[in-house]
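Student: Below are the sequence and a predicted model for it; my questions follow.
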Amino acid sequence: MPASYAKISFDDILDRLIDIDPSHDLDCIVIIPAYAEEDVLTTLDSLQFSLASWSKEDVRSSRLEVILLINQSEGVDPDMASINERSFQSAIGYDSRDLCLHVIYIYDCPQKKAGVGLARRLAMDEAAKRLLSLGRNHDGLIVNLDADCTVSSNYLAGIRSFMDDQDQVDLANIHIEHDLSTALNDKAKDAILDYELHLRYFIGMQRWLGLPYACQTIGSAFVVRAGVYVQMGRMNTRKAGEDFYYIHKFTKKGTVADLNNVIVYPSSRSSFRVHFGTGKAVADILSNDMPYKTYHPQSFYDLSALVNDVDRLYQEETNLDRYPDAVATYLKGQDFETVIVKLKSNARSLRTFRKAFFQWFDAFRLMKYLHEARDSTFSSVAVLRAIKQSVKELEVPFATDKVIMLSRLAQKHIDDNYNQLQE
């Protein structure tokens, strides 16, 4: 049985979702938002297994809690409500053994707010309250996972060890590798591998450019310190993309790191429940029967003219004519010359100007540029073809693991399609 469970209407939410006081030794809470998940127990089993990497003393002292938060909007489809109820009942009956598990089912969430952002916010807020009630403002860890994921056996121990050793890190992104065993067939496996390659290519090209915010932003795979979670502003309530906007708040602060020696395995299933992300991408690939397309490498290559020009922008007058057309067009739309004048007037040195520049040209503006360049100049290309061009023409060391952190599965996908890359 879980340590606690409750079924609550959104309108009846009080100051605390969990009535039981936390253990004085608590220093880590895993939060798992769930909606219409048929098999939450597999995720819980995976966490249970990863506890084997903890010492028996740590397990006995209840240093870990898990909050499973099932969420449901008002007017939900009856079939979805039925799945949520089954998930709730199965979690109540779960033999949590060494997991201090709290199961919360919140229903009738307002439709304008309901979604993964709200669910993640409610669970993270509750975790922060419990950890900060113990008086340790920065030591407690809030770990984000999703109910369609499993984890590596060293997951819990690896997270704690990393965050203990890297005390300057506020938030760490955990390495992911999609679980191909959840794909329905070989076609679905190829679809998820294409999508995973897109994610790694996208971040790898940012690292090739030297952008300071080049990191994955996946809601099911990050850990943040509880005190900083509150100080930086809590999780937003977007229906999708909540992870992107939240994690990039920390990249601007410069306290984000990659945690690559533990792994989260997201499901490879297709889904139309969100506007973008893994499930939507897989569904689109399968329905369109086309290779997954990504940003054209040339759009990154053209952008290098701007990224490599930051020092000169500080020292000289701005001249948009020295940039490729796609970059210049985007910058004109952003009133770039006025922006640079303002940044220079507030900068005391080249170092502070560079920092201010990349806080202006942030991950969101990068996406806007790439979308504008895609729509006007550089059509999207199949992800394997993008890899070929980036490796062969731009000399981006994509396949080296050092730049992209390729998963073993993604690397095998490249190897299996080697002939296509040579065309």
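Tutor: Arrived safely, thanks for sending.

Student: residue ranges for the helices of the stretch 201-350 of the chain, please.
Tutor: Along the stretch 201-350 of the chain, counting by DSSP state H, counting those that start in this stretch, helices occupy 226-231, 242-253, 278-288, 297-307, 310-315, 325-333, 336-345, 350-360.

Student: Same list (these) but as a markdown table, adding mean neighbour count, mean pLDDT and distance to residue 383.
Tutor: Heads up, the C-betas are built off the backbone N, CA and C, glycines and all. Converted to a markdown table, those look like this (neighbours: other Cβ atoms under 10 Å; pLDDT from 0 to 100; distance: least, Cβ to Cβ, whole Å):
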| stretch | mean neighbour count | mean pLDDT | distance to residue 383 |
| --- | --- | --- | --- |
| helix 226-231 | 19 | 94 | 34 |
| helix 242-253 | 19 | 93 | 19 |
| helix 278-288 | 18 | 65 | 10 |
| helix 297-307 | 20 | 95 | 11 |
| helix 310-315 | 14 | 95 | 29 |
| helix 325-333 | 17 | 97 | 20 |
| helix 336-345 | 14 | 96 | 30 |
| helix 350-360 | 16 | 96 | 26 |
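
Student: of the ones you listed, which approaches residue 43 most closely?
Tutor: Nearest to residue 43 among the helices of the stretch 201-350 of the chain is helix 278-288 (15.3 Å), distances taken as Cβ to Cβ.

Student: in the stretch 101-250 of the chain, which ranges drop under the pLDDT threshold?
Tutor: The stretch 101-250 of the chain contains residues with pLDDT under 70 at 136-138, 183-184.

Student: circling back to that earlier point, residue 189: which of the helices of the stretch 201-350 of the chain is closest?
Tutor: Taking Cβ to Cβ, helix 278-288 is the member of the helices of the stretch 201-350 of the chain nearest to residue 189, at 9.9 Å.

Student: follow-up on the earlier one: tabulate the helices of the stretch 201-350 of the chain in CSV, adding columns for distance to residue 211.
Tutor: As requested, the helices of the stretch 201-350 of the chain are exported to CSV (distance: least, Cβ to Cβ, whole Å):
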stretch, distance to residue 211
helix 226-231, 23
helix 242-253, 9
helix 278-288, 23
helix 297-307, 7
helix 310-315, 11
helix 325-333, 14
helix 336-345, 17
helix 350-360, 7
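
Student: Compare these and give me the one nearest residue 38.
Tutor: For the helices of the stretch 201-350 of the chain, proximity to residue 38 was assessed by Cβ to Cβ; helix 278-288 is nearest, at 13.6 Å.

Student: which one of the helices of the stretch 201-350 of the chain lies closest to residue 26?
Tutor: Minimum separation from residue 26 across these (Cβ to Cβ) falls at helix 226-231, 10.3 Å.

Student: contact partners of the closest one?
Tutor: Contact with helix 226-231 is made by 124, 127-128, 131-132, 136-142, 170-171, 235, 255, as judged by Cβ atoms under 8 Å, 6 or more residues apart in numbering.

Student: neighbour-wise, which of those residues leads?
Tutor: For the contacts of helix 226-231, the largest number of neighbours (other Cβ atoms under 10 Å) sits with residue 127, at 31 neighbours.

Student: quick one, what contacts that residue?
Tutor: The contact partners of residue 127, taken as Cβ under 8 Å, 6+ apart, are 29, 31, 65, 67, 142, 226.

Student: Could you tell me how far the first one is located from residue 1?
Tutor: From residue 29 over to residue 1 the distance is 19 Å, taken as Cβ to Cβ, to the nearest Å.

Student: between these two, who's got more neighbours?
Tutor: Using other Cβ under 10 Å, the more surrounded residue of residue 29 and residue 1 is residue 29, with 25 against 12.

Student: how about the more buried one, what does it touch?
Tutor: Here residue 29 is in contact with 64-67, 127, 130-131, 140-143 (Cβ under 8 Å, 6+ apart).

Student: Identify those among those residues that sit within helices.
Tutor: The members of these that map onto helices under DSSP state H are 127, 130-131.

Student: quick one on the thing from earlier: ok, of the contacts of residue 29, which one's closest to residue 109?
Tutor: Nearest member of the contacts of residue 29 to residue 109, counting by Cβ to Cβ, is residue 67, at 16.4 Å.

Student: can you tell me how far the closest one sits from residue 185?
Tutor: Counting by Cβ to Cβ - residue 67 and residue 185 are separated by 35 Å.
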